[in-house]
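In: Here is a sequence with its predicted model. Questions after.
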Amino acid sequence: MTSAISALSQSYRYVDIVCLPESAAIFKMHPRVRHVFVIPRHLKGLRKVMAYFKFYQQISANSYDLLAHFSNDWRGAILARFSDAILSVGRKTHRRGRFWHQSFDVLTESLDDIRPIAEQDVDLLRAVGLYGQFKAPSYLVKPSAKQKLKIKNWLSKKSITSNKKLVVIHAPSRWKFKELPIATWANVIDALLDMKYEVVLCGSKDDLLTNQAIHASCRMKPTITHNFSLEDTAALYSLAHLVLTIDSMSTHLASATQTPVISIFGPSNEKNWGPWGGKHRVIALTAENSPTFACRPCGQDGCEGTKVSQCLIQMRPSMIIQEALSMLR
């Protein structure tokens with residue numbers, strides 16, 4: 001969605017965002033965003049009822065020229081019906097019925113599996129005559145100067161200086177079928193450290209066990225982040241020379257900081273979910289480079305329900321190392 005925000009004409013002085021709690025930090029780092037309204041779905045009982053009342057009250061207090069709804073969340077239809085926005089636009093979806101589809105003034109087509117999601121988001125603006133260019137803007141977030149200074153100081157304490165190029169690796173996923181084997185990452189990291197690049201393993205606190213397992217398997221030890229916030233991670237990415245990651249949010253965050261990124265894909269469709277804007281490459285086993293895996297992208301959670309993706313298990317470390325070195329050079 002940061003692409004669609006950037007696509008809006010500067011005649012829209014203020015851009016407000018409604019999102020889930022997990023996404024709030026992202027939008028707060030976009031220079032065009034004024035307010036971020038967080039959906040209070042994490043609350044319970046009377047507190048949740050009161051929070052929703054305040055939530056709708058805050059939004060209805062603003063007079064909006066445009067309401068653009070990018071997901072199929074049912075709350076968007078309610079906002080479209082009860083706000084006084086001059087124009088509302090949403091997207092067709094088989095998951096919703098007549099009430100949903102009649103809630104918006106304009107509807108674009110359902111998502112397809114051919115074009116980047118950024119382009120399909122910007123289609124909402126194209127549909128109402130607010131963006132006429134062929135290509136959607138890059139993703140965009142801008143970590144604050146204060147945040148970047150904090151991470152520079154952290155790197156300095158870890159004896160990581162600007163004398164060497166910095167590679168940040170994001171290896172874990174909440175969906176294990178998207179992960180590479182520990183041994184693959186260890187081989188990649190050892191090769192990069194052998195060649196005198198700095199390597200930092202990053203992730204949320206939930207990712208720490210995976211990062212520690214990778215660290216333990218490495219012959220040469222990378223640095224691991226601890227308790228980094230999303231803002232911290234964005235600042236770290238912005239200071240890196242390369243972000244090496246699996247198919248995850250980190251792919252898009254790296255693109256948004258305009259940092260070169262290599263994203264490794266398994267079952268998911270890189271045509272939809274690959275990096276967008278900036279220097280990037282996608283690594284994946286395909287029918288062209290590995291006939292065994294003509295099945296991908298399959299969109300499944302592992303091969304035949306195993307939660308394990310052979311198109312990632314059998315990826316050679318040398319394939320990743322070669323691409324990383326090529327981009328670093």
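Out: Perfect, thanks for sending it. Numbering: from 1, shown residues only.
In: which parts of the lengthiest helix in the chain are buried?
Out: If you go by DSSP state H, the chain has its longest helix at helix 45-60. For helix 45-60, the buried set under the neighbour-count rule, 16 or more other C-beta atoms under 10 Å, comprises 51, 55, 56, 59. No exception for glycine: its C-beta is placed from N, CA and C like everyone else's.
In: again with stretch 85-103
Out: Buried residues in stretch 85-103 (16+ other C-beta under 10 Å): 85, 88, 89, 90, 91, 96, 100, 103.
In: Do I have it right that the third one meets residue 65?
Out: No: here residue 89 does not reach residue 65: they are 11.8 Å apart, not a contact under C-beta atoms under 8 Å.
In: Residue 40 versus the residue of the chain most remote from its centre, what's the distance?
Out: The outermost residue of the chain relative to its centre, with distances by C-alpha atoms, centre = their mean, is residue 46 at 33.1 Å. Taking C-beta to C-beta, to the nearest Å as the measure, residue 46 falls 12 Å from residue 40.
In: Check residue 240 too.
Out: Plainly put, residue 240 is 35 Å away from residue 40 if you go by C-beta to C-beta.
In: From the neighbour counts alone, determine which of those two ranks first.
Out: Using other C-beta atoms under 10 Å, the more surrounded residue of residue 240 and residue 40 is residue 240, with 23 against 18.
In: what separates that one from residue 198, distance-wise?
Out: To residue 198, residue 240 is 9 Å away according to C-beta to C-beta.
In: what's the overlap in contacts for the two?
Out: Counting by C-beta atoms under 8 Å, 6 or more residues apart in numbering, the shared contacts of residue 240 and residue 198 are 166, 167.
In: What's the mean pLDDT across the host helix or strand of residue 24?
Out: In the assignment (DSSP states H and E), residue 24 maps to helix 24-28. On average, the pLDDT along helix 24-28 is 95.
In: Likewise for stretch 88-101?
Out: Mean predicted confidence for stretch 88-101 is 94.
In: now do stretch 156-171
Out: In this model, stretch 156-171 has an average pLDDT of 94.
In: which residues touch that stretch?
Out: 155, 179-180, 185, 188-189, 192, 196-203, 207, 210-211, 214, 222-223, 236-237, 239-246, 248, 250, 324, 328.
In: picking that back up, what does the helix holding residue 24 contact?
Out: Applying C-beta under 8 Å, 6+ apart, the set of residues contacting helix 24-28 is 1-2, 5, 17, 19, 33, 36, 38, 141, 229-231, 253, 256.
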